[in-house]
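1. got a sequence here, can you model it:
(chains A and B)
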Amino acid sequence: MINHWTFRCKDVSELISRSMDEPLPLRIRMGIRFHLMMCRFCRNYRKQLLIISRAMQSSDARNASGDFSRRLPDPVRQKLKDLLRDHDPS
Amino acid sequence: MTVPAVHQSSSPDTWVDTYGDYLYGFAFYRVQDDLVAQELVQDTLVAALEARKNFSGNASEKTWLTSILKHKIMDLFRKKYRDASLDAGDLDEREIHARFDHHGRWKTGPARWASDPERLMAQKDFIEILHQCLKELPERAARALTLRELEGESTQTLCKVLNITPTNCWVILHRARFQVRQCIEAKWLK
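-> This next block holds a predicted model:
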């Protein structure tokens, strides 16, 4: 990655991910942008990574991020209730 | 000047029935282990009981309990990874290498995803497939990406929790995103 005007797709895919985690230096951002202008595959890649990121941050995804069909087994449920009762200072 | 109302939390007797299953499902999704998830629920409820007088009522009780659980889960990860160095598999980039030629160009580039982003995300299938694809990632990669995107943790925090250097953190996140994208493309576009 010596010459940032000639980033390869492989580098760019890595840098796109990295740009989602921390700000990159200007010259790197310029290099990415320059590459994206010429490369529709990397444009697709970037767009799709952003979609995935937004989808994961969406409330739909957050609400679905649990195995909510699971039920606490009855003995465990009872044990927890007993425990709360014993611990309750009031 | 009005003093913000301080609500009492509901009686702890009712917590197990009201929130138990929810907390359990939340925990299980993140730790993928029955007993560990149950223990987390227990620790959460006991901690909540002790902290009950601090419950301000600014958040809903469910949100409050969930945030306690989240802390418990992070503590668990911290302990789990404290002595665990990275596997070779965690940094294995062969799957990525395979997608590029020796000039670093895509062999088969990412296809265009037909529908526009808003419509795509509104589809239940898409979110479902996303979750399936997350499950196919190696453990630490899945954890890194979900902590980053789903829980909104900073890269710094998640590096620390997962006990990896920043450089490895980026490699792992890159790999995770790369694979999830590829997985979605394969599952969803066919």
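2. OK, contacts around the most centrally placed residue in chain B?
-> Geometric centre of chain B, nearest residue: residue B:146, 3.1 Å, by CA atoms, centre = their mean. By CB atoms under 8 Å, 6 or more residues apart in numbering or on different chains, the residues touching residue B:146 are A:56, A:65, B:30, B:134. C-beta here means a position set from N, CA and C on the backbone, and glycine is covered the same way.
3. where does it land in three-state SS?
-> helix (DSSP: H, G, I helix; E, B strand; the rest coil).
4. before we move on, back to that, which ones among the contacts of residue B:146 lie within helices?
-> Residues of the contacts of residue B:146 located in helices (DSSP state H): A:56, B:30, B:134.
5. just among these, which is most surrounded?
-> Counting neighbours by other CB atoms under 10 Å in any protein chain shown, residue B:30 leads the ones in helices among the contacts of residue B:146 with 26 neighbours.
6. what strand or helix carries residue 77?
-> Since you didn't name a chain, this refers to chain A. helix A:74-87 (DSSP states H and E).
7. correction: the question concerned chain B.
-> Using DSSP H and E, the element containing residue B:77 is helix B:61-82.
8. residue 26: neighbour count?
-> Since no chain was named, I'll use chain A. So residue A:26, with other CB under 10 Å, has 8 neighbours.
9. wait, chain B
-> So residue B:26, with other CB under 10 Å, has 25 neighbours.
10. what segments of chain B are helices?
-> B:15-31, B:34-50, B:61-82, B:94-97, B:117-122, B:124-135, B:139-145, B:155-162, B:166-188.
11. so what does the third one touch, helix or strand wise?
-> Using 3 or more CB pairs under 8 Å, 6 or more residues apart in numbering or on different chains; DSSP states H and E, the elements in contact with helix B:61-82 are helix B:15-31, helix B:34-50, helix B:155-162.
12. on that earlier part again, mind putting the ones in helices among the contacts of residue B:146 in a markdown table, distance to residue B:183 and pLDDT included?
-> As requested, those are exported to a markdown table (distance: CB to CB, whole Å; pLDDT from 0 to 100):
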| residue | distance to residue B:183 | pLDDT |
| --- | --- | --- |
| A:56 | 14 | 87 |
| B:30 | 20 | 88 |
| B:134 | 9 | 90 |
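13. mind picking the one among those residues that's closest to residue B:124?
-> residue A:56 (15.0 Å; CB to CB).
14. was I right to think the closest one contacts residue B:130?
-> Yes - contact criterion CB atoms under 8 Å: residue A:56 and residue B:130 qualify, at 6.9 Å.
15. what's in contact with the lowest-mean-pLDDT helix or strand in chain A?
-> The least trusted helix or strand in chain A, going by mean pLDDT, DSSP states H and E, turns out to be helix A:59-63, with a mean of 73. With contact meaning CB under 8 Å, 6+ apart, helix A:59-63 is reached by A:55, B:121, B:127, B:130-131, B:150.
16. and the residues you listed, which two are furthest apart?
-> It's B:121 and B:150 that sit farthest apart of the contacts of helix A:59-63, by CB to CB, at 14.4 Å.
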